[in-house]
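> have a look; sequence and predicted model below, questions after that.
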Amino acid sequence: MSNNEFDVIIIGGGITGAGTQRDCAMRGLKTLLIERSDIATGATGRNHGLLHSGARYAVNDPESAQECIRENMILRRIASHCVDETDGLFITLPEDDLAYQQTFVDACRKAGISAEVIDPELAKRLEPTVNPDITGAVRVPDGSVDPFRLCAANMLDAKLHGGQVRLHTTVTGFIREGDTIRGVHTRNLNTGQEQDFYAPVTVNAGGIWGHDIAQLAGVHVGMFPAKGALLVFAHRVNNMVINRCRKPSNADILVPGDTVCIIGTTSTRIPFEECDSVSVTPDEVNLLITEGAKMTPTLSSTRILRAYAGVRPLVSADDDPSGRNISRGIVCLDHEERDGLKGFITITGGKLMTYRLMAEIATDAVCRKLAVDKACETATTPLPGSEEGSYEAVARKIWEKPSMAQKAAAARMGSRASRIRTRNKLDEALVCECEEVSVAEVTNAIERLDASTLTDLRRRTRIGMGTCQGEFCACRAAGLLARAHGCIEKERDDLKEFLQERWKGNFPIGWGDTLREAEYTQWVYKHVLGV
Amino acid sequence: MKFNTVIIGGGLASLVAGITLEKAGKSTAIISTGQNALHFFSGSFESMEEAPQRVTDLFAEAGIQLHYNPGVRLMPMGTFRKSTLSLEDISIFPEPAIGHKALIVSFAGYHDFFCQFLAEGLQKHGVQCSIKLLNLPELEALEQSPSEMRSVQIARTMDRIWENVVREIRILLRDEDTVILPQVFGLKDTSVLSRIRQGVPAQVVFTGTLPPSVPGIRTQMLLKRRYELLGGIYLMGDEATGAHVHEGKIHSIVTHNLGNHFLEAENFILATGAYFSKGLRSNPFEICEPVFGLDVEQAAERSDWYNPEFMREQPYMKYGVATDATLHALKGGEPLRNLYAIGSILGETRPELGTGGGLAIRSALAVADQILKPTEE
Amino acid sequence: MKLQEYTSSKHNFEECMKCTVCTAYCPVLQVNPLYPGPKQAGPDGERLRLKDPFFFNYALKYCLNCKRCEVACPSGVKVADLIMAARIKYDTSKPKWRDRLLASTDFMGHLARPVAPIANAVTSLGITKTMMDAMFKIDRRRTFPKYSPRSFEAWIGRHEKEQAAFSEQVAYFHGCYVNYNYPRLGKDLVKVLNALGVGVQALDKEKCCGIAFITNGLKAEAMKHATHNVQVLGKAVDKGLMVLTTSSSCTLTMRDEYPSLLGVDNSHMRDFVMMATRYIYEKLEKGATLRFKPDYHKKVAYHTPCHMEKLGWGIFSEKLLRMIPGVEFTMLDSACCGIAGTYGFKRENYEASQAIGAPLFEQIKAVNPDVVACDCETCKWQIEMSTGYSVMNPISILAEAILCEKDK
């Protein structure tokens, strides 16, 4: 097999693509993943990061609920360094109907989800930030999952199994022979280089953009772009996931994730043209804060870091304008069976945390086409970084007395943190002081995790995700990138783009301390540094 | 306690006003909520197209040498910016060509100074650059700390060992005509700057770093010392929380630390800065002035406060406290008779006074003159 | 919708703009690279500790609690409170015997006072210092405060009737230092207040303010003392008395640290506890007068103790001293002396402590005053030990300078 020939090409570097590549690679296939931007840039990185217990879907979509709880338990085992086992509460507010609680609990139990009705007083002790007026509470095995880490770990494992990854590379067309897709034409968006790759099977894992990819291949997948807006608060207010025990609606989930917590979401149908440039409106912001503060009153006075929105890749079934009743179940389309187009599979729908199952389904389909008979092992094999238990144990194992940055690195990378090379004290210096990211960790991400821009670095290390949103770390990291790549002109633009990208998430919530920070950042970059 | 003038806010505008009034024999107090924006000072005063003698004198009397020289200065990211009135740290050139060959010197492990960007920026203007990182044993203690390799900590060491740096540079220097150094010199001892310039056989260009700004801290320290030596009372770490207003006149103000011990004065000057310094506060619905509840010129809709492009001019930065022709602050459309607003709390509501440092100095002097003008009453 | 109108109400650490100003004013950072600095230890660290207490860093123990970071912060972040609160909340290591010993200022005073001459002789012996150094890691280079054979409590008790004769009355929180080590300061205060026509009452059994318990992480003891004092002080306040103090650290602790660090509500008495210098200044401002000795002359250099700086009341001491005819006043640059209560007594901190104070000591030597004035007893020990200059509380200088009835 020559260099540009593979068993399977996967389009899309979100969690579905990364998971599929890992599964294919683990079953011995020669894989190539093509992503037009960076890992987790679409819906993967633009959601709550909720490790659903499935409870949210138990009443309306028992099938999804069952998938969730199964995958939930699997991810706790195989992705421990990406998962935070917080548990969750479904609370009933005075304005909600407490009678729904019984329906909810019954449905959970039917789906195999442990749902324990607890005394509201106990709920308040477990999660002191919860609205003190709650009339009911149910405890469920919700958690949170870091999408960037999860995506990076899957892709890394694929590479460890021989997989190849082309980031910042777009598919410009398909190589088609009659009714068969033989490969793809691609262009590297950084270098402009065009290249063809061949494989008997191509998997479309492009999320909402899978609609366009399918079109490029000459088939139609009816998708339903549903925008969801979310807000990130500046610190971890709650330590348990808080949901409202009612029919799923707007802004009724508050998820603690790493150093922050996230409230969401809304759901609005948008045209396909807007998928690349979704923004959060003032009305959405107001709604998210108002509804969020009902569950956790302290949110009304907590600093907000960012507003952002993602587009759910739902597969449309009818004309419901809200999109909320559409099944979030997994859709795997073999276009040979469906459209008579050979060598092309679309995997879509689903959720961040059911990615593994989606990948398994897609890989099964690939293997059937390639007549490969090998069982899926992703449900039992830990991801790289998740082999050695809690990050506390990992940190203490690697370093006798771990520093703050080393503790934080262990929390981000699990056991892979041992790969961070620290040659001397200078490598321990902090690039990002809010999230405790050291020079060594940034260097590691540049040299070994394919980070070529500041935004890539952010997804791999959390630089710029903290309180100051890149005020100091962006230019420090730009200095390191400039040194590593030697292309300073490009780095200058990269820095501007990064600041712009941060601002995009800041100005919709630009008041109070956020506006103070923005003014200071403007001052530093424009007047002090002269960017 | 009673004063002639109580100044709220402790930055450049306050100190200029305070020093001017103290020099004229008026008793004053400055209330400052912590340190101020001088800590992020670039070293060049924005919008000072002229250099009035009284301004350079005021600074010189505090031990700060300003120089007026319209041209351009080198920015930390290797770009050039127009510059006129500056601290002695800042080198000003007629045009971006600052030499033929430059040696950029920094310290190993110091990430707040951007050698690569400087080199690339200068090379665009025909300056050949090489970069050298010094490994000084005296910085070893600082290197132990993952977060504190900062300008101000390095500067403390440099005040002691700057001569070693000069020696190192002399060894490194070949045919370069220019040496570029980070602004980490002369924190306490300003003579260090000229002594380095004398000691290095090439022109030395001190270039900015990430905050805190060493020249800025020094400026703050010297102005404050001058103010206190003149008899001014600088209440550091206190905050004005409210005021007693009677018939359009401020009688006294309340501060956090002094509680029911009110500060009375004939005149009050509000110089609490813009958003960062909390002179202006914003919530989702409006931008307000927290001490007196003054009128703030602003757009009504939040969505109009911002430009979605980060690098563009931001409308919110132009908003400020409304004033009359003599800088009396307005409340409910009416001027408060003995309350003036100066400095960046004005935003760009008074474009004729300039922006940044220029606005601070011009408005401070205008108000001090106003207070010192003999009244007919 | 009032939501988000006050974004800063509950999460003070979020007001941090990461501007790094605090790092420029932390005295520890300048001498100890192991200390993460106020920004990292305070607001940055708090965010991580809220995620997981695993992120608590034991190097927070190097913080002096001088609060200069808070005074410098342009955003009003309670940096030192965050650090102290984190130490109280997350430090699971058992307090050392040494720390208990150092922190129990009233207990030690109680034991030592009756045998003061012996105690003083013993603590100044080389062998004792060596033993304390070896056993408790209390630095042998330290000079120990001397104990007084008679407590101030006993003295004021004897003068109860005489003091009650004044028409105006105040209560006095003397603190451990005045009671066990230096009753003279208490007597000086009584002299000055009497000259103003004000009588002084002792509180109904005050306890140590507890600051040393707080800084040594002995929360239970600190709480016990705070609860007791709030009650005792409250009683005095209920009687309509102001409670005066002569130590800036006791004052800051009782007014601000009780509620913010220990969660002890002092709202009913807080505003009635104040430094005697402020009380006297306000009295004079309202028209009361003091008569001064015509021939008094003293060159006084005033050092603002860290906690005085935080209180923001140095201005009252300054104004009072400047008011004394014959006082040649110099304001020293406000800088930490390095002792920070019990901090400098610990062997591991001795070098840092002396290095922190060095610029202040140099300035004092350059000014060469007759006396250094300062409102804090631990600064006094440190400055006296490190410079040889004697240190007096402004109240004592005032007492020395005024003319009383019996002086005439």
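Everything's here; your move. Keep in mind it's a predicted model, so treat the numbers as computed, not measured.
> packing partners of the lowest-mean-pLDDT helix or strand in chain B?
Using mean pLDDT, DSSP states H and E, helix B:140-143 stands out as the lowest-scoring helix or strand of chain B, at a mean of 91. On a contact count with 3 or more Cβ pairs under 8 Å, 6 or more residues apart in numbering or on different chains; DSSP states H and E, helix B:140-143 meets helix B:151-172. The way it works is simple: take the backbone N, C-alpha and C, and place the C-beta from them, glycine included.
> what residues does the least confident helix or strand of chain B touch?
The contact list for helix B:140-143 (Cβ atoms under 8 Å, 6 or more residues apart in numbering or on different chains) reads A:425-426, A:429, B:109, B:148-149, B:153-154, B:157, C:33.
> any chance of the residues you listed in CSV, with distance to A:L51, neighbour count and pLDDT too?
Below are the contacts of helix B:140-143 laid out as CSV (distance: Cβ to Cβ, whole Å; neighbours: other Cβ atoms under 10 Å in any protein chain shown; pLDDT from 0 to 100):
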residue, distance to A:L51, neighbour count, pLDDT
A:K425, 38, 16, 88
A:L426, 38, 19, 91
A:A429, 34, 21, 95
B:G109, 39, 19, 93
B:E148, 38, 25, 92
B:M149, 39, 23, 94
B:Q153, 42, 25, 95
B:I154, 45, 26, 96
B:T157, 49, 20, 94
C:P33, 40, 20, 89
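> need those residues in TSV (columns: distance to A:R27).
Below are these laid out as TSV (distance: Cβ to Cβ, whole Å):
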residue	distance to A:R27
A:K425	45
A:L426	44
A:A429	43
B:G109	46
B:E148	51
B:M149	49
B:Q153	55
B:I154	55
B:T157	59
C:P33	52
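> just the residues you listed now: which is nearest B:G232?
B:Q153 (29.3 Å; Cβ to Cβ).
> what sits against the closest one?
Contacts of B:Q153 by Cβ under 8 Å, 6+ apart are B:142, C:23, C:29-30.
> what segments of the stretch 1-150 of chain B are helices?
Secondary structure of the stretch 1-150 of chain B by DSSP state H, counting those that start in this stretch: the helices cover B:12-23, B:53-61, B:115-124, B:140-143.
> just give me the closest of the contacts of helix B:140-143 to C:T92.
Of the contacts of helix B:140-143, the one sitting nearest to C:T92 (Cβ to Cβ) turns out to be C:P33, at 24.9 Å.
> gap between the residue in the stretch 101-250 of chain C that chain B sits nearest to and A:H220?
Nearest residue of the stretch 101-250 of chain C to chain B (Cβ to the nearest Cβ) works out as C:M242 at 11.8 Å. Computed with Cβ to Cβ, to the nearest Å, the distance linking C:M242 and A:H220 is 84 Å.
> which SSE is immediately downstream of the lengthiest helix in chain A?
Determined from DSSP state H, the single longest helix within chain A is helix A:488-506. Note on helix A:488-506: by DSSP states H and E, the next helix or strand toward the C-terminus is helix A:512-522.
> on that earlier part again, reformat the helices of the stretch 1-150 of chain B as JSON lines; add mean neighbour count.
Converted to JSON lines, these look like this (neighbours: other Cβ atoms under 10 Å in any protein chain shown):
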{"stretch": "helix B:12-23", "mean neighbour count": "27"}
{"stretch": "helix B:53-61", "mean neighbour count": "15"}
{"stretch": "helix B:115-124", "mean neighbour count": "22"}
{"stretch": "helix B:140-143", "mean neighbour count": "18"}
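> how many residues are close by B:P96?
B:P96 is flanked by 17 other residues according to other Cβ atoms under 10 Å in any protein chain shown.
> output the below-cut-off pLDDT ranges for the chain.
Since you didn't name a chain, this refers to chain A. A:316-328 (pLDDT under 70).
> if you could check chain B rather than the one you did, that'd help
For chain B, the stretches flagged by pLDDT under 70 are B:376-377.
> quick one, domains of it?
B:2-41+B:218-372, B:53-209 (automatic domain parsing).
> hey, which of those domains is tucked in deepest?
Greatest average neighbour count among the domains of chain B goes to domain B:2-41+B:218-372 (a mean of 21), per mean count of other Cβ atoms under 10 Å in any protein chain shown.
> does that one reach chain A?
Yes - judged by Cβ under 8 Å from any Cβ of the partner chain, domain B:2-41+B:218-372 comes into contact with chain A at B:37, B:40, B:274-276, B:278, B:281-284, B:302-303, B:305-306, B:308-311, B:314, B:316-317, B:356.
> ok, now how distant is the residue nearest to the spatial centre of chain C from C:T215?
Most central in chain C under Cα atoms, centre = their mean is C:S249, positioned 2.1 Å from the mean C-alpha point. Distance, C:S249 to C:T215, by Cβ to Cβ: 10 Å.
> how much space between B:G357 and C:A165?
Taking Cβ to Cβ, one finds B:G357 at 62 Å from C:A165.
> again but with B:E50, I slipped
From B:E50 across to C:A165, the span is 69 Å (Cβ to Cβ).
> next: A:D494.
A:D494 sits 80 Å away from C:A165, going by Cβ to Cβ.
> more neighbours: which of these two?
The residue with more neighbours, out of A:D494 and C:A165, is A:D494; 23 against 8, by other Cβ under 10 Å.
> so the more buried one sits right up against A:L481, yeah?
Yes - here A:D494 lies in contact with A:L481, judged by Cβ atoms under 8 Å, at a distance of 6.9 Å.
> ok, residue 209 - how many residues close by?
Assuming you mean chain A. 23.
> please go with chain C instead
Under the criterion other Cβ under 10 Å, the count of neighbours that C:C209 has is 28.
> for it, which three-state class applies?
With DSSP: H, G, I helix; E, B strand; the rest coil as the basis, C:C209 sits in coil.
> which SSE is B:H251 in?
When elements are assigned from DSSP H and E, B:H251 belongs to strand B:249-255.
> give me the residues contacting the helix or strand just after that strand.
Moving toward the C-terminus from strand B:249-255, the next helix or strand (DSSP H and E) is strand B:259-270. The contact list for strand B:259-270 (Cβ under 8 Å, 6+ apart) reads B:1-9, B:14, B:17, B:29, B:31, B:243-244, B:250-255, B:279, B:289, B:291-292, B:294, B:321, B:329, B:338-342, B:345, B:367, B:371, C:271, C:278, C:282.
> understood, closing this out.
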